[in-house]
Structure formats: structure tokens, C-alpha cells
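S.K.: What follows is a protein structure lacking sequence information:
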């Protein structure tokens, strides 16, 4: 009697080869047979008329914090994702001395937009070094974890306050290398760096203070362990992006490490073509440099009582958004002198397209009866009707609704389907960069798997079902060095998703209050996934929802 049979489905094994009809027999957390299985099983999943594939892999997430209070990393399992890479963008929760926890949490709040109160309530911070963090997480995992070491955290661990101020000495670089090696031996899959991020004081994060010798030394450690270097470059500047690709290529060639950068966005004319050409060039030289792309643009949700939306980069808006009292915020928004400053700052603080973007912003949800009548209208329409500026219309609507109104700004990047279709099919591009687990009050970061099938398998036919599965599974696993993950094969790990390629999609944005302290986040549920199996255990089904399983494993680089 084996544990489980997934019966009668069309198997897309992750290789990209044509699908075939077969049963998938699972026992002891491994796939034991692909073909006809007449053996008795303790559990049977009927996959008739459905696709059966390896569990999907998301290579760019920020679940480091969420795993502390939500080991299942909801809602990823319901989207067929069984493995997540955490610790991106130079930020991880270890290694970190106890007296640095608040500083790192504030940095995480600033960059990844998870409220500090959520982190303070949700993280039982009992570890300091990276192996201790892994030992704390591993027994409770409800999803497979492939963690990166954040370079900013690593510098803080070794250099203390100096990490925010200066380059490391040779002795400090050597200590960083030893610490990184220990983390890789314990189960980390790489190191993440950032060239763009700032902390809550608008200072460069520690990773940005690293010199070339420091990065070269750390890359040598990564190469010796078959690990990845992840980088966040200046994604809006073509010339700088090309320089970053060259730098990653030199690090890869010198160390043997694979490298990846994210995101690759189409917001600057000509950037995608130039960067892809440079990536192809360095691949021909023998370097391993992968781009990462989201298969969608990002619709930005915001309320005028919450920090974090686009105008919050300007001081006048930050000052109002930071007020803890809605009553005080309303008083400021009603003050004509304050309104004039805010309206002006709405355009000075953004790019030349700011007015157009605001005009296209939609009233998405409201609480009061009067403002509910405006749901679906754009601020441009309301401004024209009222004879005012779109920013004034936005403030008026929000004030009339007690600041409860949710606005949605349409995506301003990744808006050209033809460009995206080329990117998601390119062999040097990883379909990822989802940011899942971050930006909880701005946009949902879940469901890119469904978007890929909806937009690029069904609507544009840029990928076959087999190719789309491969892009989300084996291609990810090979790039990250995750061993047998990403393929369905006898003896391999039994991470399996059962889904309908004809309907796989993602739901509309949902606003839910399920974070510690009752804080809210946006998420998207899955459409078209029937079941997700994690290391041989049924972890989620469309009929029964989440199972109370902690079947996740630490996934090591090989």
C-alpha cells in the first residue's frame, strides 16, 4: 500500500518534452513510478482531464518574515508554488545580532513595505546566526525554503554600525566570507546584494557600501559552494544596467558562481533590447547571468491614510501619511494651504508621466454610500467633471469617505505584451521577481503562475503548456542549483501540482486582515488549481483548502 497516486492526468514532467498520460505514484515523499499504477494507495487524486506537473518554483520572494507566523506562506501553495527563494534584495533575518533587530526590521519595513508592528508582533526572534535561523524554521515549514543570505545583514553582523558608513577592511571581508560559507553549508543557496535600496533614514543600505574586492571575495565563496548571487540593479537606467550585467559576468567568470538580477522592466525605451543583447553576449563568453522578469505589470493600490504609495517619496506627503491619527490626517487634507502643497508635490515628486498616471487612477473601493457610486471612475473623469486637478479630486473623494477609499493606479511598467512575450520565453530570463511576501499594502504579489498561463499560453500563444511548466520548474531549478526539484521523475521529490491549463489564472485583488495585530494585506487567490502536493503530502486542494501539514523542507544548492 503506497501513500498516494495521482491518477489519469496528462503529465508535464518539467523537461519541456511533450506531455503524456500517466499515473504518478508517490511513497515516502518521493515519486516511485510514472506510468500505470494499479497498486493500492492510501489516497488517490483523480486528475482526469487535468495537467500534472512538478511544483512551481518562485525565485524572488520576501517570505523571510511571514514564515514566522505563517509557515505555509499563504497563498502560494494554492497557486501551485512548492518552493520559494527568500532573502532577496540584500535583506534576510540572519545573521543578525540581537541589538540590530529593530534596525533590520525598520529597513525591511522601508524597502519591502511590511509594517514594523507586524514584524514586531509576528517574529519570535530567538536566533542570531544563519544556521540558528534555519534550525528555528526547518521543523515548522509548510513550503519548501531555499534561502539567500542578505548582504546588508551579513555586513551588519561583521561590521556593526560601520556597515552603514564605509567599505570593509580585508579582515572584515574574510570574516564575511567565513560567515557566508557557514550559512551555505547550513542550507543557504546564495547571497543577495542591492545597488538601489535605502533604509528608513533614506541612507543607502549596507550592501551599497561594498567595494569590488568585497564582492569578488564573496563571489568566490559562492562559486565554491555552487551558489547564486542575486542583485538588484538600477533597473531604470540603460547604461548602468549594462555596466551591472558586465560586473555580474566578471564575477561569474572569475568565481564560477551563477548570478541573477531583478527586475528587468520595460519602463525605459530601448532598455530591454539593450540588456538582453548584453546578457546574450556575456553568455557567449561563458558567464552565467540570468535576468528575472514578472509576467505582468503591477497595479498599485493605495489609501490616503497609509504610507507606502508613490507620492510618499515626497516629504509633504510622507509627513501626512506618517501621522498616526486618521482625524489628524483629515484635518491636514482639509487645510487649503496643506492641500496646495500636496497637489504640487504629487507631480514634482514623480516623473513626467505623473499627471497621466494619476488621471488613469481608478476609485476601486469605498465604504460610504456616496463614494461607492464613484467606484470604477477614474480621477481624470472626476477632475474634468468637477473642474479641478486630479490630485484635488483624489483628496476630495478620500476625505468624503473618511480616508477609507482604495484607489488603484494602473501599471506603468511591463505594459507591452509583445515585449513580455519575448522575455518570458527567453532562455536567459527566469520567470520570477514576484516579490511575494512584501508590499502588503500596495499590491498582491501572488499568482504570477496563473498570469503566465492566461496571458502567454492561452491569449498570445507565446508558450506551449509544456514550455510554461518548464519555465516555472526545471529552468528555475537548474539556474538556482536546486537538485531534483522542478522535474517529475522516478526517485525524485514528490512536489506536484494538479491544474487545468485551460483555466489557470488568478483572482481579483482581495483586501484581508490576516496579518499579526489585525493588519491588512492584498492577496490573490488561485483559479484552476485542483491540488498541490508537497514532498508527498497533500498540502492544499480546491475542495478542502489548506491541510494542517508541515511537510516543507529546506532545499539546498547542489
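M.R.: Happy to help now that I have it. Everything quoted here is computed from the prediction, not taken from an experiment.

S.K.: Excluding sequence neighbours, find me the nearest residue to residue 527.
M.R.: Spatial nearest neighbour of residue 527, chain neighbours left out: residue 505 (4.0 Å); criterion: Cβ to Cβ, 6 or more residues apart in numbering. Yep, even glycine has a C-beta here, placed from its N, CA and C like the rest.

S.K.: now do residue 236
M.R.: Nearest to residue 236 is residue 268, by Cβ to Cβ, 6+ apart, at 5.5 Å.

S.K.: The residue nearest to residue 527: neighbouring residues, count only.
M.R.: The number of residues packed near residue 505 is 20, by other Cβ atoms under 10 Å.

S.K.: And for the one 10 residues further on?
M.R.: Number of residues near residue 515 (other Cβ under 10 Å) recorded here: 22.

S.K.: if I look at it, how far off is residue 28?
M.R.: Distance, residue 515 to residue 28, using Cβ to Cβ, to the nearest Å: 36 Å.

S.K.: Got the confidence number for residue 85?
M.R.: Predicted confidence (pLDDT) for residue 85: 98.

S.K.: ok, what's across the strand from it?
M.R.: residue 146 (DSSP bridges).

S.K.: ok, residue 60 touching residue 85?
M.R.: Yes - counting by Cβ atoms under 8 Å, residue 60 does reach residue 85; the two are 6.4 Å apart.

S.K.: Report the contact partners of the closest residue to residue 144 other than its chain neighbours.
M.R.: Sequence neighbours aside, residue 83 is the residue nearest to residue 144 in space, at 3.9 Å (criterion: Cβ to Cβ, 6+ apart). Residue 83 makes contact with 55, 56, 57, 58, 143, 144, 145, 146, 482, 485, 495, 555 under the criterion Cβ atoms under 8 Å, 6 or more residues apart in numbering.

S.K.: Residue 19 and residue 10: what is the separation?
M.R.: Noted for residue 19: a distance of 5 Å to residue 10, by Cβ to Cβ.

S.K.: cool, residue 456 as well?
M.R.: For residue 456, the distance to residue 10 - Cβ to Cβ - is 19 Å.

S.K.: ok, back up a step: please tell me which one of the contacts of residue 83 counts the most neighbours.
M.R.: Greatest neighbour count in the contacts of residue 83, by other Cβ under 10 Å, goes to residue 495: 34 neighbours.

S.K.: And for that residue, nearest residue in space, chain neighbours not counted?
M.R.: According to Cβ to Cβ, 6+ apart, the nearest residue to residue 495 is residue 55 (3.3 Å).

S.K.: Please verify my assumption that residue 345 contacts residue 320.
M.R.: No - here residue 345 does not reach residue 320: they are 10.0 Å apart, not a contact under Cβ under 8 Å.

S.K.: Quick check, central residue of this protein?
M.R.: residue 435 (1.7 Å; Cα atoms, centre = their mean).

S.K.: per-residue confidence at that one?
M.R.: Value for residue 435, per-residue pLDDT: 93.

S.K.: Dihedrals phi and psi, it?
M.R.: Taking degrees, to the nearest 10, you get phi 70, psi 20 for the backbone angles of residue 435.

S.K.: Domain boundaries for this structure, per the record?
M.R.: Following automatic domain parsing, one gets these domains for the chain: 2-54+493-543, 57-298+412-480, 300-409.

S.K.: Tell me, how many residues neighbour the closest residue to residue 508 other than its chain neighbours?
M.R.: Counting by Cβ to Cβ, 6+ apart, residue 508 lies nearest to residue 524, which is 7.3 Å off, once chain neighbours are set aside. For residue 524, the neighbour count with other Cβ under 10 Å is 22.

S.K.: Which stretches in the stretch 101-250 of the chain count as helices?
M.R.: 101-112, 116-122, 130-137, 151-159, 170-186, 212-224, 238-255 (DSSP state H, counting those that start in this stretch).

S.K.: Those helices into JSON lines, with extra columns for distance to residue 73?
M.R.: Formatted as JSON lines, the helices of the stretch 101-250 of the chain follow (distance: least, Cβ to Cβ, whole Å):
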{"stretch": "helix 101-112", "distance to residue 73": "15"}
{"stretch": "helix 116-122", "distance to residue 73": "13"}
{"stretch": "helix 130-137", "distance to residue 73": "11"}
{"stretch": "helix 151-159", "distance to residue 73": "20"}
{"stretch": "helix 170-186", "distance to residue 73": "20"}
{"stretch": "helix 212-224", "distance to residue 73": "25"}
{"stretch": "helix 238-255", "distance to residue 73": "28"}
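
S.K.: partners of the lengthiest strand in the chain, with directions?
M.R.: Using DSSP state E to define each element, the chain has its longest strand at strand 2-11. Next to strand 2-11 in the sheet, as set by DSSP bridges, lie strand 20-27 (antiparallel), strand 41-46 (parallel), strand 51-54 (parallel).

S.K.: Point out the most buried one among those strands.
M.R.: Among those, strand 51-54 has the highest mean neighbour count (mean count of other Cβ atoms under 10 Å), at a mean of 29.

S.K.: and stretch 231-246, average pLDDT?
M.R.: Stretch 231-246 comes out at a mean pLDDT of 97.

S.K.: oh sorry, the question was meant for stretch 520-538
M.R.: pLDDT averaged over stretch 520-538 gives 96.
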